[in-house]
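[1] Here's my sequence, what's the structure:
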Amino acid sequence: MTARPTGKKTNRRGMILPLVLVGMLVMLTFSTSVQQVGWRAMRGAKRDHYVMGRINDTGPYALGNIECVLHTDNIRARGARPKKKPNVPIEFRAPDSSEGRAYRNQKRQAARRGIPFLISYKAWEAWWSTNLGPDWFSKRGHKHGQYVMGRIGDVGPYALNNIKCITNAENTREAHTGRRHTPETIAQISATHLARSKVLP
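    Sure, this is the predicted structure:
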């Protein structure tokens, strides 16, 4: 019976020792650089945590070319920059107030529906004040009797030449003008009316 070649086993054993040594050196680097108890808890890609960075962020990860640095400092060394907010034109910026939040909310709703919103904040505020007077903000809304900004024919963008001030009920009525209910919707409406008629005396 012939013995199996041992070349592969020898190679594997030869690889284990360097890996163990590298692991021990990594732990030694962090344990000596981060003096707090429980260095493992201080290592990681989080704020105020430490990582192994390369000197000048160049070259290999080798003992002569690594340092223990804060994660934020490591990102700064790599030239990474925090994400910037969308570059909104200054005329479309709104103040941090109830009116400003209402303006931004209307812009978001229009964008969600795929409708262009081409009115600056100052023009938006002036339009409401012209149509409803100084206390326009209390008259604006989606409750009964309040007013909304409707589009002419309920088509096109929100632009000063394509909007009108109407009540919420009128806007709902115009939005449904010309629409035909499906048979399922008609049956559901009929069932609802029938149920209400049975409840009434």
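[2] Now do the domain split for this protein, please.
    11-77, 90-175 (automatic domain parsing).
[3] Just name the most buried of these.
    domain 90-175 (a mean of 14; mean count of other Cβ atoms under 10 Å). To be clear about C-beta, it is placed using only N, CA and C from the backbone, and glycine gets the same treatment.
[4] tell me the mean pLDDT over that one?
    For domain 90-175, mean pLDDT rounds to 89.
[5] And for stretch 187-201?
    Stretch 187-201 comes out at a mean pLDDT of 63.
[6] For the domains of the chain, could you give me CSV that also reports distance to residue 194?
    Below are the domains of the chain laid out as CSV (distance: least, Cβ to Cβ, whole Å):
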stretch, distance to residue 194
domain 11-77, 61
domain 90-175, 24
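[7] So which of those domains is nearest residue 190?
    Closest approach to residue 190 among the domains of the chain (Cβ to Cβ): domain 90-175, 20.8 Å.
[8] I'd like to know how far residue 111 sits from residue 117.
    Distance of residue 111 to residue 117, computed by Cβ to Cβ, to the nearest Å: 7 Å.
[9] Any idea how far apart the tips of stretch 175-194 sit?
    Distance across stretch 175-194, first residue to last, is 26 Å (Cα to Cα, to the nearest Å).
[10] can you list contacts of stretch 101-114?
    92, 94, 116, 117, 121, 124, 125, 137, 140, 149, 158 (Cβ atoms under 8 Å, 6 or more residues apart in numbering).
[11] May I see the residues you listed arranged in JSON lines, with secondary structure and distance to residue 103 as well?
    Shown next, in JSON lines, are these (DSSP: H, G, I helix; E, B strand; the rest coil; distance: Cβ to Cβ, whole Å):
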{"residue": "92", "secondary structure": "helix", "distance to residue 103": "9"}
{"residue": "94", "secondary structure": "coil", "distance to residue 103": "5"}
{"residue": "116", "secondary structure": "coil", "distance to residue 103": "15"}
{"residue": "117", "secondary structure": "strand", "distance to residue 103": "9"}
{"residue": "121", "secondary structure": "helix", "distance to residue 103": "5"}
{"residue": "124", "secondary structure": "helix", "distance to residue 103": "5"}
{"residue": "125", "secondary structure": "helix", "distance to residue 103": "8"}
{"residue": "137", "secondary structure": "helix", "distance to residue 103": "11"}
{"residue": "140", "secondary structure": "strand", "distance to residue 103": "11"}
{"residue": "149", "secondary structure": "strand", "distance to residue 103": "11"}
{"residue": "158", "secondary structure": "strand", "distance to residue 103": "11"}
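[12] For the residue nearest to residue 162 when sequence neighbours are not counted, grab phi and psi.
    Distances taken as Cβ to Cβ, 6 or more residues apart in numbering place residue 156 nearest to residue 162, at 4.8 Å, with adjacent residues excluded. Per-residue torsions, residue 156: phi 80, psi -180 (degrees, to the nearest 10).
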